[in-house]
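S.K.: Task: produce atomic coordinates for the following.
(one chain, ligands or ions: 1)
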Amino acid sequence: MSVTTQQYSASELSKLAHRHLWQHFTRMGNDPNAAVPIIVSGDGCYVYDADGKRYLDGLAALFCVNLGHGRAELAEAAANQMRELDFYTTWSYAHPRAIELASKIASLAPGDLNRVFFTSGGSEAVESALKLARNYHRLTGNGQKIKVIAREIAYHGTTLGALSATGITACRTQFEPLAPGGCHVPNTNSYHWPLDRDPLWAAEKIAQRIEFEGPDSVAAVILEPVQNGGGCFVPQDGYFQRVREICDEHNVLLISDEVICSWGRLGYMFGSERYGYVPDIITTAKGLTSACIPMGAMIVSDRVAEPFMQGTRAFAHGFTFGGHPVAAAVALAAIDLYEREDICGHVRAKEGEFRATLESLRDLPIVGDVRGAGYFQAVELVKDQQTRETFTDEESEDLLRGFLSGELYRHGLICRADDRGDPVIQFSPPLIADSEQFEEIGDVLRTVLTAASERIA
Ligand SMILES: Cc1ncc(COP(=O)(O)O)c(C=O)c1O
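M.R.: Got it, this is the predicted structure:
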């Protein structure tokens, strides 16, 4: 049966969604008559639902439509490529767009990260990096190095290997046993730390964990430049420099998971650039194509790639669609737009104004912390501003799911109310967002958070 949106009314689409569509990470036992939020079109920083209502996409879909919705250049790049070469694989073969894109990414990536392995998304990129780390150590005579150290509440994807790095209990427990070797250490969220704590405490926790596990058993440390899970945890000054030292000391690979934090999100093509460190591997996806077609990548240093380039060796790993020519053509067109429109420069110039909009909400008693970097910011909600007391699980459930998510959406603002750590509202607008969108975010937040404060009181 051919199905197009034109055939159905908004309520019919909602009914069909309830009956047939398995939404990801979504509670599906809700009232079958409740309207499913159905987004039918997008333009710049805005999207429209099936009733024609406009929303400010304060989340860039899921941290990924970095160039804004409806970019004709990307559609044309896809259509042209489909006409020229619809698909060919990178298993044994190559094609011009994959070669050009790998070369372009290598020219932008930090240090000697010159080798690009394409995937279809972020989890596959992380999965590939974890397998590569194990394989690298095996080829260099350290086959017992298999463990990965990640941070609490960090999200690194859902495949069983990537999930062993993900530090969110609720994502893990239903699927155990996971791939062995996942170890977790505290993250850099200092909002609830004692005031006299050493700023490099969280970095030292990585050293301690490597020593506890036994350096001979640890393959890699995986970290995001700014941690998404828990709400935009920025690193302390010197954190990544110390982590780099720790990894070098113990022959442990440093993987920078930049699935969110690359392609301008933090004002740089790669988040590691913002914090001045050179990882051994970068994982990326999402904004690589501005999300209009699935693509991810693992970018590997010459040093780590070298053992795989010898004699009859091969990295025995791959995906049918890795480096898909249509996705590669779109990524090349997207990178061209990032550069031509100086998207990184725009984010760096405007992030202060965006942040100031959120900071201006601190007079509301429910606003605890405001944190983040670039166009990746979070507001942590608290019960008591003075003591920084957080909400109980029940209160958080009622506040976020029972009230905030629905109210923000009803006011035409898409953002993320999340309680995988302490309750936060997260923002990651398209990188073309400007003063008009910041003002709109500030206005809606003030209205909805004022109502939330009253509800709690
Ligand atoms: C840091 C990070 N790593 C990995 C992933 C997994 O990416 P995907 O959903 O494309 O598999 C995500 C997804 O949000 C992410 O934020």
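
S.K.: which residue is nearest the centroid of this protein?
M.R.: When C-alpha atoms, centre = their mean is applied to the chain, the residue found nearest the centroid is residue 260 (3.0 Å).

S.K.: Just the pLDDT at that one, thanks.
M.R.: With respect to pLDDT, residue 260 has a value of 98.

S.K.: how about it, what does it touch?
M.R.: Residue 260 makes contact with 63-64, 224, 226, 228, 286-287, 376, 428 under the criterion C-beta atoms under 8 Å, 6 or more residues apart in numbering. The C-beta positions use only the backbone N, C-alpha and C, and glycine is treated the same way.

S.K.: Residue 300 now?
M.R.: With C-beta under 8 Å, 6+ apart, residue 300 has these contacts: 113-117, 132, 280-281.

S.K.: ditto for residue 114
M.R.: 106, 300-302, 305 are the contacts of residue 114 under C-beta under 8 Å, 6+ apart.

S.K.: Of those - the most surrounded one?
M.R.: residue 300 (29 neighbours; other C-beta atoms under 10 Å).

S.K.: Identify the residues contacting stretch 8-19?
M.R.: 5, 23, 32, 35-36, 38, 49-51.

S.K.: Mind doing that once more with 7 Å?
M.R.: 5, 32, 35-36, 38, 50-51 (C-beta atoms under 7 Å, 6 or more residues apart in numbering).

S.K.: Any chance of JSON lines for those residues, columns secondary structure and distance to residue 256?
M.R.: JSON lines is the format used below for the contacts of stretch 8-19 (DSSP: H, G, I helix; E, B strand; the rest coil; distance: C-beta to C-beta, whole Å):
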{"residue": "5", "secondary structure": "helix", "distance to residue 256": "39"}
{"residue": "32", "secondary structure": "coil", "distance to residue 256": "43"}
{"residue": "35", "secondary structure": "coil", "distance to residue 256": "40"}
{"residue": "36", "secondary structure": "coil", "distance to residue 256": "36"}
{"residue": "38", "secondary structure": "coil", "distance to residue 256": "36"}
{"residue": "50", "secondary structure": "coil", "distance to residue 256": "39"}
{"residue": "51", "secondary structure": "coil", "distance to residue 256": "42"}
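
S.K.: and those, which are buried?
M.R.: 35-36, 38, 50 (16 or more other C-beta atoms under 10 Å).

S.K.: ok, and of those residues, which contact the ligand?
M.R.: Among the buried ones among the contacts of stretch 8-19, no residue is within reach of the ligand (C-beta under 6 Å from any ligand atom).

S.K.: The residue of the chain found nearest the ligand - how many residues pack around it?
M.R.: Closest contact between the chain and the ligand, by C-beta to the nearest ligand atom, is at residue 122 (2.2 Å). Counted with other C-beta under 10 Å, the neighbours of residue 122 add up to 28.

S.K.: So it versus residue 84, what's the distance?
M.R.: Going from residue 122 to residue 84 by C-beta to C-beta, to the nearest Å gives 28 Å.

S.K.: Enumerate the residues of this structure near the ligand.
M.R.: 121-123, 126, 155-157, 224, 228, 257, 259-260, 285.

S.K.: Endpoint to endpoint, stretch 39-49 covers what distance?
M.R.: Stretch 39-49 has an end-to-end distance of 4 Å (criterion: C-alpha to C-alpha, to the nearest Å).

S.K.: residues of that stretch that come out buried?
M.R.: Buried residues in stretch 39-49, defined by neighbour count with 16+ other C-beta under 10 Å: 42, 44-49.

S.K.: farthest residue from the center of this protein?
M.R.: Outermost residue of the chain (C-alpha atoms, centre = their mean): residue 311, 36.6 Å.
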